[in-house]
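> quick one, what's the 3D model for this:
(chains A and B)
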Amino acid sequence: MKGVNKLFSEELRVLNFGLESFSATLSGAGVKNTQVDWKPPLGVNPEVFDIFAEHKAEIDAANEIALGKIVSAQPVLCGMGKALDLVPGMKRNLILHSGPPVTWDRMCGPTRGGIMAALMYEGMASTPEEAEKLAASGQIEYAPCHEHDSVGPMAGIVSASMPVFVVRNEEHGNTAYCTMNEGLGKVLRYGAYSEEVIARLKWMETDLYPVLEKAIAKLGKIDLKNMIAQALHMGDEVHNRNRAGTSLFFRAVAPAVMRTCADQEKAAKCLEFINGNDHFFLNLSMPASKASLDAARNVEKSSIVVCMARNGTDFGVQLSGTGGEWFTGPAPVVDALFFPGFTKDDANPDIGDSAITETGGLGGFAIAASPAIVKFVGGQAADALNYTMQMYEITTGESKAYQIPQLDFRGTPTAIDVRKVAEKSIFPFIDTGVAHKKAGVGQVGAGVVSAPSEPFRKAAEGLARRLSDVK
Amino acid sequence: MITKGIIKKGEYFDSVSLMNTAKELGKLKGVADCAVVMGTKENRSILQNSGLLLPEFDKSGDADLLIAVKAQDEAAVSAALEKLNSLLGRKKPAASAGAAPRPRSLDAAVEGLPGANLALISVAGRYAGALAMSALRKGLHVMLFSDNISLEQEIKLKQFGRGNGLLVMGPDCGTAIINGVPLAFANVVKRGTIGMVAAAGTGLQEVTCIVSNEGGGVSQAIGTGGRDIKKDVGGIMFLEGLKALIADKETKTILLVSKPPYPEVMKKISAQAAKTDKPVVAVFLGGDKAVAQKAGLAAASDLKEAALLALHADAYAGKKSAKAVLSTAAKTVQARLLSDQKKLKSEAKKLSAKVGRGRKYVRGLFSGGTFCTETQLIMKDLLGEVYSNVPLSAELKLADSLKSVKNTVIDLGEDEFTVGRPHPMIDYALRCKRIIAEAQNKDVAVIALDVVLGYGSHGDPLSELLPAIEKARKGAGKGIVFVASVTGTDADPQSRGRVLEGLRAAGVAAYGFNADAAVVAGHIIRFLGGAK
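Coordinates of the predicted model:
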């Protein structure tokens, strides 16, 4: 029996979309049914779904390749160096920032402040006024970190003299770079440009960097994939909580620091600095994610998201199958818990490359692993689980290495499929810090935000365009 | 005894699950020893101590999973590795966190309800089409309650459904009963051997109820949405439904309900019906019976006749030829209808005596579109011109749907009345207001109503209608006769018997067939002098 007559021979089981009374009727009649909490799909042209359906087999195959690359990536911290020497395309008058491309006139407060701090740090300006003038003069070029194999949290500012971590993907041979994390409070990544900020950056360049560089050289390399996997088992999701990751890094690096740094006081200060900054590991989990995802770029026809990044003005998305094209929309304001004295009015729109962790199946996607921060998502462990469970609906596969103990060690949801996002209107869930909109005030809270719809709508349309062109 | 080692690169597992895995492997027959560990330095020394640090592990790193199996032969090793893959590769279910959230997508819903085979869709029309297509692509049959779906999209959905053996009931399909399960607006009817396809929602409710109330039963009741039998859609699902009923072992008799199909569609229906020896009864409301008869179908003029024909044919279906069965059934039904007509006419005469002086027109206020059409057809024969917002011919269209003219029958379920408001089968407010308003007119003799019961409809229609009727009578409406039909069964949540009783107790002439109510209302007007 087949077709309609097969249905006649089966037990009717109904999925109900819409009027709940229909579902209640069925339940009352003892009919197995599910009320679907359905939401309208993204406002994409319906043709887009037709094109996706037409090319389903090719897209699925491409996505398997992209997923395989992400999952098999082996990011290791293998060294440090100056941005100018290592970061591709880096030059003296170039400043990298987080998120998609943005011009000075559209930059948010923290990004502008960070750039001013970088100009003073580089000695190209001596006062904030001078820095601001220079920044707006056209003599300084700006580009997204992501377009230079790099990532940066918050403003994500990288200038030529800044030391960077070198994270190599041993499986696929690509590399990602990231500066060291400066800690909380008045720091450059939140747009602060006061003297103490510059002084700390200088200390990081002259003291912390050489000490860590030698220690890492002594160790040869540090397996970040393994470390992130362990951190997830210890309550981190490595975006908003990095306490375990930082501790693991500290354990790995401390003996080597002691062996390679003759100046005990200097060594102690460096270790103290790491120990005192719970987010030190963020600047390693980010390039580890970046190195893993970059391997999955440029798989033709793939609908996998390889980058989500915000610059405090726009939220940008890149797909594996659409090359370097950015799909953007306004960055949303994060739904946050604010530090005493601050409110939503102080919050800058979402900012930073740190959503690369979510793109790689960590951060908000792994929030079920991080009960310590469920306060951000409603307060109950079940809420965090539900957020992670929802992300499985928009991803292609699961990580083999990164697992969630609370889900019986299920792999984290990995490789966002823009088709699923568009069809289901379920948006990537990001848990993140919140910057004050004024340069230099610093972090004002932390919370969660669903990625905005516009970039994903445009990305779905962009991919569909390419698919119908290549025919 | 052989020892074999395998490296799984880049797969991280916590040590507890690995120990458990190793323990499970160790229990296998022929396995002497085994280790499943991450390749850290500490673990290597453990392997060394147990003699399981194999040369092939030399090239592995910290993040690699090392598996060593010592077993009596190759087969035991393979069995162990197979077990290992099943233990570690298992996709884990979600932990039993608090209340599981409702699925938010089709994918999740399909995953969460194994064996799901039908999607019932009533979301806004502009999304419903795409959702229906996704459901079809997942292999689900679809009932599309939503309307406002473009003709092109309907055609696409139905072509896809036909190509893949899937039902696409709708768009704008209000009623279906599949495998005895009432979907959307449907009644609790007995199961039986009469299968139905209908492009008319309340029409399908009426015939399923009549069949059930008169002692028969329904095998399947498939709705198609009203546009299916028109030129553009070309009867795709009407024909697929018919085919399925022909092939269905549980269906002995087939009943088709719709407005007159487009001629080409009619030809196809006829060709399809010719392929079965099951009796096929059809009611194409407003169509020429001769066309249907020429097409080899047993044609009925109204829903009552159609349902009774099917019911009587069904009693002998399969025992004699379809033709013989239908001809016997026709005789029985004609006799019944004649006697009913006589009774109804005499009731109409009595009722007409209660009508106040100078009153001469009927006002029909309907919630079911099919009932509105059927009433107009019956009244046309009795009274001639009947005005409507959905008239039988263009010149009878009301200039203003809010203002009745002479004999008028209104479909309150039309879009013009339902924007921003529930359907009149659910929300009686508009109809009650109209009842009271019509009663203000000194020339109104009869107010005719339909009361549709069943799932989806108002839970207690008497609580709405009776106060409105009372109010209408108290005012200017003294001397107006109320006539109503009740569509439903005693098993419906509202209970047909209770509703009929309640209406009659309130002095309403209530009938179990819409056709009967229309006949009575029409004859009352004729007795009052409003003849054709």
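> C-alpha from now on. contacts and neighbour counts both.
Will do.
> where does pLDDT dip in the stretch 351-500 of chain B?
Counting by pLDDT under 70, the stretch 351-500 of chain B contains low-confidence ranges at B:419-420.
> switch the cut-off to 80
In the predicted model of the stretch 351-500 of chain B, residues B:415, B:418-422, B:475-477 satisfy pLDDT under 80.
> whichever residue of chain B sits closest to chain A: how many residues sit nearby?
Proximity of chain B to chain A (C-alpha to the nearest C-alpha) peaks at residue B:165, 3.9 Å away. Other residues near residue B:165 come to 21 when the count uses other C-alpha atoms under 10 Å in any protein chain shown.
> verify the stated contact: it with residue B:136.
No. Counting by C-alpha atoms under 8 Å, residue B:165 stays clear of residue B:136, with 9.8 Å between them.
> how about the strand or helix carrying residue B:351: buried residues?
Taking DSSP states H and E as the definition, residue B:351 sits inside helix B:322-353. Going by neighbour count (16 or more other C-alpha atoms under 10 Å in any protein chain shown), the buried part of helix B:322-353 is B:322-323, B:325-326, B:329-330, B:333, B:337, B:344-345, B:348-349, B:351-352.
> show me where the stretch 301-450 of chain B has helices.
With DSSP state H, counting those that start in this stretch, the ranges of helices along the stretch 301-450 of chain B come out as B:303-316, B:322-353, B:369-383, B:415-418, B:429-439.
> how about the shortest one, which residues are buried there?
If I follow you right, that is helix B:415-418. Neighbour-count burial for helix B:415-418, with 16+ other C-alpha under 10 Å as criterion, is recorded at residue B:417.
> what's the pLDDT at residue B:14?
pLDDT recorded at residue B:14 is 62.
> I misspoke; the intended subject was residue B:94.
42.
> now do residue A:334
What the model reports for residue A:334 is a pLDDT of 86.
> ok, the residue in the stretch 1-150 of chain A that chain B sits nearest to - contacts?
Residue of the stretch 1-150 of chain A nearest chain B, by C-alpha to the nearest C-alpha: residue A:3 (3.9 Å). Residues in contact with residue A:3 (C-alpha atoms under 8 Å, 6 or more residues apart in numbering or on different chains) are B:164, B:165, B:166.
> let's see 7 Å
B:165, B:166 (C-alpha atoms under 7 Å, 6 or more residues apart in numbering or on different chains).
> also residue B:47?
Residues near residue B:47 by C-alpha under 7 Å, 6+ apart: residue B:53.
> would it count as being in a helix?
Yes. With DSSP: H, G, I helix; E, B strand; the rest coil as the criterion, residue B:47 is part of a helix.
> which strands and helices lie in contact with the helix or strand containing residue B:517?
In this assignment (DSSP H and E), residue B:517 forms part of helix B:514-527. In terms of contacts (3 or more C-alpha pairs under 7 Å, 6 or more residues apart in numbering or on different chains; DSSP states H and E), helix B:514-527 is packed against helix B:322-353, helix B:369-383, strand B:481-487.
> picking up where we left off before, and the helix holding residue B:351 with helix B:303-316, angle?
Going by axes from the mean of the first three to the mean of the last three C-alpha atoms, to 10 degrees, helix B:322-353 is angled at 140 degrees with respect to helix B:303-316.
> which helices and strands sit right next to helix B:322-353?
helix B:303-316, helix B:514-527.
> cutoff 10 Å now
Under the contact definition 3 or more C-alpha pairs under 10 Å, 6 or more residues apart in numbering or on different chains; DSSP states H and E, helix B:322-353 sits against strand B:280-284, strand B:298-300, helix B:303-316, strand B:444-452, strand B:481-487, strand B:509-511, helix B:514-527.
> I'd like the ones you listed written out as TSV, with mean neighbour count and distance to residue A:323 added.
Putting the helices and strands packed on helix B:322-353 into TSV (neighbours: other C-alpha atoms under 10 Å in any protein chain shown; distance: least, C-alpha to C-alpha, whole Å) gives the following:
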stretch	mean neighbour count	distance to residue A:323
strand B:280-284	28	58
strand B:298-300	26	64
helix B:303-316	26	63
strand B:444-452	27	59
strand B:481-487	25	62
strand B:509-511	23	70
helix B:514-527	25	65
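> which one of the ones you listed lies closest to residue B:159?
strand B:280-284 (23.9 Å; C-alpha to C-alpha).
> how distant is that closest one from the center of its chain?
Its chain's C-alpha centre lies 19 Å from the corresponding centre of strand B:280-284 when counted by C-alpha atoms, centre = their mean, to the nearest Å.
> phi, psi of the residue of the stretch 1-150 of chain A closest to chain B?
phi 60, psi -140 (degrees, to the nearest 10).
> where's it relative to residue B:134, distance?
From residue A:3 across to residue B:134, the span is 17 Å (C-alpha to C-alpha, to the nearest Å).
> distance of residue A:428 from residue A:124?
For residue A:428, the distance to residue A:124 equals 39 Å [C-alpha to C-alpha].
> more neighbours, the two?
Legend: neighbour count by other C-alpha under 10 Å for residue A:428 and residue A:124, higher for residue A:428 (28 against 15).
> what pLDDT is listed against the more buried one?
Predicted confidence (pLDDT) for residue A:428: 96.
> can you check the one 5 residues further on too?
At residue A:433, the model reports a pLDDT of 88.
> equivalent analysis for the one 4 residues further on, please.
As summarised for this prediction, residue A:437 has a pLDDT of 92.
> cool, and the one 4 residues further on?
As predicted, residue A:441 sits at a pLDDT of 82.
> now swap in the one 10 residues further on and tell me
You'll see residue A:451 listed with a pLDDT of 94.
> same check, this time on residue A:379
68.
> repeat for the one 5 residues further on
What the model reports as pLDDT for residue A:384 is 87.
> and it, how many neighbours?
Residue A:384 has 26 neighbours, counted by other C-alpha under 10 Å.
> tell me the secondary structure at it.
Of the three states, residue A:384 takes helix according to three-state DSSP.
> try residue A:435
strand.
> break chain A down into its domains, please.
A:10-36, A:47-70+A:297-470, A:75-287 (automatic domain parsing).
> the ones you listed: which one's closest to residue B:118?
Using C-alpha to C-alpha, those put domain A:10-36 closest to residue B:118, at 4.9 Å.
> wait, does the closest one contact chain B?
Yes. Counting by C-alpha under 10 Å from any C-alpha of the partner chain, contacts between domain A:10-36 and chain B involve A:10-26, A:29-36.
> what comes up buried for that domain?
Buried-residue list, domain A:10-36, by 16+ other C-alpha under 10 Å: A:11-19, A:22-26, A:31-36.
> now stretch A:183-202
For stretch A:183-202, a neighbour-count test (16+ other C-alpha under 10 Å) marks A:183-184, A:186-194, A:197-198, A:201-202 as buried.
> endpoint to endpoint, it covers what distance?
Termini of stretch A:183-202 sit 14 Å apart (C-alpha to C-alpha).
> mind giving me the packing neighbours of the longest strand belonging to chain A?
Using DSSP state E to define each element, chain A has its longest strand at strand A:395-404. Packing partners of strand A:395-404 (3+ C-alpha pairs under 10 Å, 6+ apart): helix A:56-72, helix A:224-233, strand A:410-416, helix A:418-424.
> can you do 6 Å?
On a contact count with 3 or more C-alpha pairs under 6 Å, 6 or more residues apart in numbering or on different chains; DSSP states H and E, strand A:395-404 meets strand A:410-416.
> the strand it packs on versus helix A:224-233: what angle between them?
120 degrees.
> how about the helices of the stretch 151-300 of chain A, start to end?
Applying DSSP H, counting those that start in this stretch to the stretch 151-300 of chain A gives helices spanning A:195-203, A:209-219, A:224-233, A:243-260, A:264-275, A:282-294.
> tell me which of these sits nearest to chain B.
Going by C-alpha to the nearest C-alpha, the one of those nearest chain B is helix A:224-233, 5.9 Å.
> give me the pLDDT for the nearest residue to residue B:520 once chain neighbours are set aside.
Using C-alpha to C-alpha, 6 or more residues apart in numbering or on different chains and skipping residues adjacent in sequence, the residue nearest residue B:520 is residue B:348, 5.1 Å away. In this model, residue B:348 is scored at 97, pLDDT.
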